[in-house]
Every structure is written in C-alpha cells, then in structure tokens.
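S.K.: okay, sequence plus prediction incoming.
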Amino acid sequence: MPTPVPFSPSAVVSALRAAGCVFAEDEAELILATARTPEEAAGMVDRRAAGLPLEQVLGWADFHGVRVTLEPGVFVPRRRTEFLVDQALAAAPDATVVVDLCCGSGALGAALAAALDGAEVHAADIDPAAVRCARRNLAAFGGRAHHGDLYDALPAGLRGRVGVLTANVPYVPTAEVALLPAEAREHEPLVALDGGADGLDVLRRVAAGAPGWLAPGGCLLTETSERQAPAAVQAFQDAGLTTRLAVSEELYAHVVIGVRP
C-alpha cells in the first residue's frame, strides 16, 4: 500500500460526511492511504462526494483476500459474494478448471485462482470494460478473460471439463432497477444489474447450458435473492443438476449450487 500523503484527514472526513458518506472516517483513511499526491486525494474525494462507489474511486477492492483492480463503470464485487467463493471451494476443493461467467472485474475467478493453486481459470463477460478489468486481475494467475455472451465467449475445448462454474448473474427484476441505490444505478453497467422481468432471465440461460460444460461431478454456483431462491433452484433442477441452496444469514447471501451427476 502506498505511503499516506500529507493531506488533512479532518478535511477529507468533513467533505465525505457532508456528501452523506456514513463511514466517512473509514473511507477517508482508505483514500489517504491510496492517493499518491494531495491533488490525487482531492480528486478522489470529489469523485466520492459526487456519488461514485468507493471501490471505483480507489481503483481497487479487497475480495476474499485478493486485491481486485477496478475501473469506473465496472461492477463492484459485493462482500456477500465471498460466500459464493467459500461454497465453491467447499464443493470442489480439488477443481482444476474454473470458469467465471458474468465475471465483471474477474473477482470470483481471481479469488478461486488464488485458492486453487495451479487451476486453469477462464472468465467471460458481455461488457468490454469488464473484460479489460478481468484480464488485469487474472493475469497474475495465468487466467484468461473472454468477451462475449455467456458460453459463446468460451473456448470450445472447455466443454465437459469445468470443475467449478460460477456465474454472479444480474438478478434485479427490471422494474426494481430504479429502486437501487444511486451508486449502483448510476455508476455500474445496467447489463450487470438487470435480470429481466423476474430477475432470472440470465440465471435460467446459465443453468440450461451448464451440463454441456461441466465435468461429471462439476458444480455450478450462482447468487440470487431470498425471494427468487425457489425459482432459481427449480431452474437448476430443470437443467438436470442435483441442486441445493446455501444461505448465510450474516451476509444475507443465497447461493444456488448445482452438480452435474
């Protein structure tokens, strides 16, 4: 981490608090530790006060022990999604091939690559900015990121070989996108948020295609909401996967896990 710059912490805290940042002190500490010059710190404070997500302002996020590079306009990995990583590692601790669909910054792929030493890791997203970001985050692990729509983006040689397939799909119903916090609504790509009429359009497509890509015993994991969980489980079952739901009350995380028999 860069050496903190000589810039008034109290001034930064005051500016962030005036902008409505609930955790102004913590955010000020991160900004001042990340900025290399007072001018850079001031610019970061301005962007945060304007409503950009803190992680986009900093240019990074800590996710499951990995520092993930983030660019403006790229989906910010949520803390609750670390539960999905834990579930993947518990379900397939010896996986040698990992695919991260709807990868955003590549946070899931990078976290799994860090934990599964030597695994072959691929990520894919329909958003070019996300793919650029994911390539940077996977480079240290020898992973690859591909641009395209779900499975269409993947090398054909992965068919039937994937041990862990994660898909942090968009699952906000279209009519509810307008109700999201401004940070997400205004600064993250709509394609990473809007899951269609009931929020499960992309999830159903991922589930339906998964058996053709998973190795026997390989698992698909995706995040959903408590309300959508029963329908998400049904979509996995309809695809022929042996399915269960894992829940973290602490993180308010709901992860559907499907295994190819």
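M.R.: Ah, there it is.
S.K.: and the helices in the chain?
M.R.: 9-18, 24-34, 38-49, 54-58, 82-91, 107-115, 128-139, 182-187, 201-209, 229-238 (DSSP state H).
S.K.: which other helices and strands does the fourth one contact?
M.R.: For helix 54-58, the helices and strands in contact under the criterion 3 or more C-beta pairs under 8 Å, 6 or more residues apart in numbering; DSSP states H and E are helix 24-34, helix 38-49. Heads up, the C-betas are built off the backbone N, CA and C, glycines and all.
S.K.: quick one, which of these is nearest to Gly160?
M.R.: Smallest distance to Gly160 across the helices and strands packed on helix 54-58 (C-beta to C-beta): 43.2 Å, for helix 24-34.
S.K.: in that closest one, what's buried?
M.R.: 24, 27-28, 30-32, 34 (16 or more other C-beta atoms under 10 Å).
S.K.: can I get it in CSV? Just the C-alpha atoms.
M.R.: The C-alpha trace of helix 24-34 is given here as CSV (Å, rounded to 0.1, in the frame of the first residue of the first chain):
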residue,chain,number,x,y,z
ALA,A,24,-16.6,8.9,6.3
GLU,A,25,-13.7,8.2,8.7
ASP,A,26,-13.0,4.7,7.3
GLU,A,27,-13.3,6.0,3.7
ALA,A,28,-11.0,8.9,4.4
GLU,A,29,-8.4,6.6,5.7
LEU,A,30,-8.6,4.4,2.6
ILE,A,31,-8.5,7.4,0.3
LEU,A,32,-5.5,9.0,2.0
ALA,A,33,-3.6,5.7,2.1
THR,A,34,-4.2,5.1,-1.6
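S.K.: angle of that helix against helix 9-18?
M.R.: Helix 24-34 runs at 130 degrees relative to helix 9-18, counting by axes from the mean of the first three to the mean of the last three C-alpha atoms, to 10 degrees.
S.K.: relative to the whole chain's centre, how far out is helix 24-34?
M.R.: In terms of C-alpha atoms, centre = their mean, to the nearest Å, the centre of helix 24-34 is found 23 Å from the chain centre.
S.K.: thinking again about what came up before, determine which stretch of the helices of the chain is the most buried.
M.R.: helix 107-115 (a mean of 27; mean count of other C-beta atoms under 10 Å).
S.K.: related to what we said a few turns ago, ok, which pair from the buried residues of helix 24-34 is furthest apart?
M.R.: So, the buried residues of helix 24-34 by C-beta to C-beta: farthest apart are Ala24 and Thr34, at 15.6 Å.
S.K.: what would the helices of the chain look like in TSV with mean pLDDT?
M.R.: Below are the helices of the chain laid out as TSV (pLDDT from 0 to 100):
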stretch	mean pLDDT
helix 9-18	89
helix 24-34	92
helix 38-49	91
helix 54-58	92
helix 82-91	98
helix 107-115	97
helix 128-139	96
helix 182-187	86
helix 201-209	97
helix 229-238	97
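S.K.: out of those helices, which comes closest to Glu249?
M.R.: Per C-beta to C-beta, nearest to Glu249 of the helices of the chain: helix 82-91, 10.5 Å.
S.K.: and the closest one, C-alpha only, in PDB?
M.R.: Output of helix 82-91 as PDB, limited to C-alpha atoms (Å, rounded to 0.1, in the frame of the first residue of the first chain):
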ATOM      1  CA  GLU A  82     -17.400 -14.100  -0.800                       C
ATOM      2  CA  PHE A  83     -19.900 -16.700   0.500                       C
ATOM      3  CA  LEU A  84     -20.200 -18.000  -3.100                       C
ATOM      4  CA  VAL A  85     -16.400 -18.400  -3.200                       C
ATOM      5  CA  ASP A  86     -16.500 -20.300   0.100                       C
ATOM      6  CA  GLN A  87     -19.200 -22.600  -1.200                       C
ATOM      7  CA  ALA A  88     -17.400 -23.300  -4.400                       C
ATOM      8  CA  LEU A  89     -14.200 -24.200  -2.600                       C
ATOM      9  CA  ALA A  90     -16.100 -26.500  -0.200                       C
ATOM     10  CA  ALA A  91     -18.000 -28.200  -3.100                       C
END
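S.K.: that one - contacts with which helices or strands?
M.R.: Short answer (3+ C-beta pairs under 8 Å, 6+ apart): helix 82-91 packs on helix 107-115, strand 162-167, strand 214-224, strand 242-248, strand 253-259.
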